[in-house]
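*Asks:* below are the sequence and a predicted model for it; my questions follow.
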Amino acid sequence: MDLGRLRIDRDRLWRRLTDLGEIGAVHGPNGEQGCARLALTDADRDGRDLVVNWMRDLGLSVSIDAIGNVVATRPGSDPSAAAVMTGSHIDTVRTGGRFDGNLGVLAGLEVIETLEQHGIVTRRPIQVAFFTDEEGARFAPDMLGSLVYIGGLALEEALDARAADDDARLGDELARIGYAGPTPCPAAVAPAAFVELHIEQGPVLEDNGITIGVVTGVQGISWTEFTITGRSAHAGTTPMRLRRDPLVPAASIAVEARRLAGEMAAEIAGEIAAEIGGETAETGATGSQVATVGRFDVFPNLVNVIAERVTFTLDLRNTDDGALRRAEGHMMRFATAACELENCSLAARALARFEPVAFDDGMIGRIERVAAAQGNSTLRMPSGAGHDAQMLARTCPTAMIFVPSVDGLSHNIAEYTTPSDIDAGANVLLHTVLELANL
Ligand code: HGY
Ligand code: MN
Ligand code: MN
């Protein structure tokens, strides 16, 4: 057959996305359906079991490593050749969608099934993987499993990570769900190349009417957990002058983070632009400073008690590491001053810190060429979100393929990408992997 005309089976891929989406399904008031499969919960286990069964049904050899990463391998004609790897994650945030991460894993499986179906043998083995705890929402840092996989975080340290919600130990939860695997990590052999298909999770592709994002890298990520301690007291009897209320500095820090991001975004947005047919356009949210206070826990959290303690997280990101460090320094100084003003104590704990990552130029060019050859519009752009690819990039030539997110929405149960855009992305993945596997 004319390999150039080979295409995936879009209905089969959509069915798998739908089936996996039923595990941990959450429904919204207007018919939205998303996923709640926080890492190493029962729902995560059930999702893992379903995907592993699909992998085994395809006759793939499946390895599970000591941090729970799952890698399925389709042999090539040259067993001595390093594999081409694709994949992503299947854990989600608590209000996640059916496509974040899941698409990259199931499209990888679809690529393999398409090759099987047409009896196409590649020189290199092809692997599809899902990595443990990419979200980092329950166990920080994010991309934890792929970071251990490439040797960026010691296994024992990762196994001792504690859950933000119930303080459970990661290693205990991994054993409880039956995914503390026998394969050692870090991985003994690096892939020849890694390519990940993922939804953009932002508005840039949709705003510009582009089908395929050719991802040039990932912006820097800084997560800090702040704990501010004051003194709990009676809301009615305690004069304002005697209060040591941790809510006050905590709230002012959240407002300052928002102000700072706006100020820095205005500075940076003008410098980051993407080529669209010779025109340039702002890349918006993926090219400038962003700041988020996502988790905010008050103790004792009662209507008539001045809080004793507030614990919250600050997520800062920027494509420029110097700017990110400036933002981190500013926020730490601001937090210290705000707590002193209210006579509260401040403790800060780093949850994640990843520098910006640049993907491989050859891989970027290959994806761009494959996508254009299939008639897609393309845009080179950085990723606003973190991805397992940013960890694999430390060990092998790596890049990513983005498809549009409707309304730029993700980490929201209404997350959606159209079947035609999913089909386009999976076919770009198919031919990128096919080319790489025959190099
Ligand atoms: O936080 C992130 O960017 C990713 O969703 N883990
Ligand atoms: Mn993701
Ligand atoms: Mn995510």
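*Replies:* Done, it's in. Ligands and ions are numbered 1, 2, ... in the order given.
*Asks:* rest of the way, CA atoms for contacts and neighbours
*Replies:* Noted.
*Asks:* what ranges does the stretch 101-250 of the chain have for its helices?
*Replies:* When secondary structure is read from DSSP state H, counting those that start in this stretch, the stretch 101-250 of the chain shows helices at 102-117, 144-149, 155-159, 170-176, 204-208, 247-269.
*Asks:* residue contacts, Ile364?
*Replies:* 214-216, 399-400 (C-alpha atoms under 8 Å, 6 or more residues apart in numbering).
*Asks:* ok, now Gly220?
*Replies:* 317-321, 324, 353-357.
*Asks:* so Met400, which of the three states?
*Replies:* Recorded secondary structure, Met400: strand (DSSP: H, G, I helix; E, B strand; the rest coil).
*Asks:* quick check, pLDDT for it.
*Replies:* Turning to Met400, the model gives it a pLDDT of 98.
*Asks:* does it touch Val215 like I think?
*Replies:* Yes. Contact criterion C-alpha atoms under 8 Å: Met400 and Val215 qualify, at 5.2 Å.
*Asks:* buried stuff in stretch 151-164?
*Replies:* 151, 153, 155, 158-159, 161-163 (16 or more other C-alpha atoms under 10 Å).
*Asks:* with stretch 64-82 instead?
*Replies:* Applying 16+ other C-alpha under 10 Å to stretch 64-82 flags 64-76, 81-82 as buried.
*Asks:* how is the protein divided into domains?
*Replies:* Annotated domains of the chain cover 3-217+358-437, 220-354 [automatic domain parsing].
*Asks:* for those domains, which has the smallest mean pLDDT value?
*Replies:* Looking at the domains of the chain, the bottom one is domain 220-354 with a mean of 89.
*Asks:* give the contact list for the residue lying closest to Phe131 once chain neighbours are set aside.
*Replies:* Leaving aside its sequence neighbours, Phe131 sits nearest to Asn69 (C-alpha to C-alpha, 6 or more residues apart in numbering; 4.5 Å). The neighbours of Asn69, taking C-alpha under 8 Å, 6+ apart as the test, are 129-132, 145-146, 149.
*Asks:* do the same with Asp423
*Replies:* Going by C-alpha under 8 Å, 6+ apart, the list of residues near Asp423 reads 8, 10.
*Asks:* could you rerun that using 7 Å?
*Replies:* Arg10 (C-alpha atoms under 7 Å, 6 or more residues apart in numbering).
*Asks:* likewise Arg380?
*Replies:* 213-216, 274.
*Asks:* direction included, what does the helix or strand in which it is found pair against?
*Replies:* Assigned by DSSP states H and E, Arg380 belongs to strand 378-383. Here strand 378-383 has these sheet partners by DSSP bridges: strand 212-218 (parallel).
*Asks:* circling back to that earlier point, return the most buried member of the domains of the chain.
*Replies:* Sort the domains of the chain by mean neighbour count, taking mean count of other C-alpha atoms under 10 Å, and domain 3-217+358-437 sits at the top with a mean of 21.
*Asks:* figure out the length between the terminal residues of that one.
*Replies:* 13 Å (C-alpha to C-alpha, to the nearest Å).
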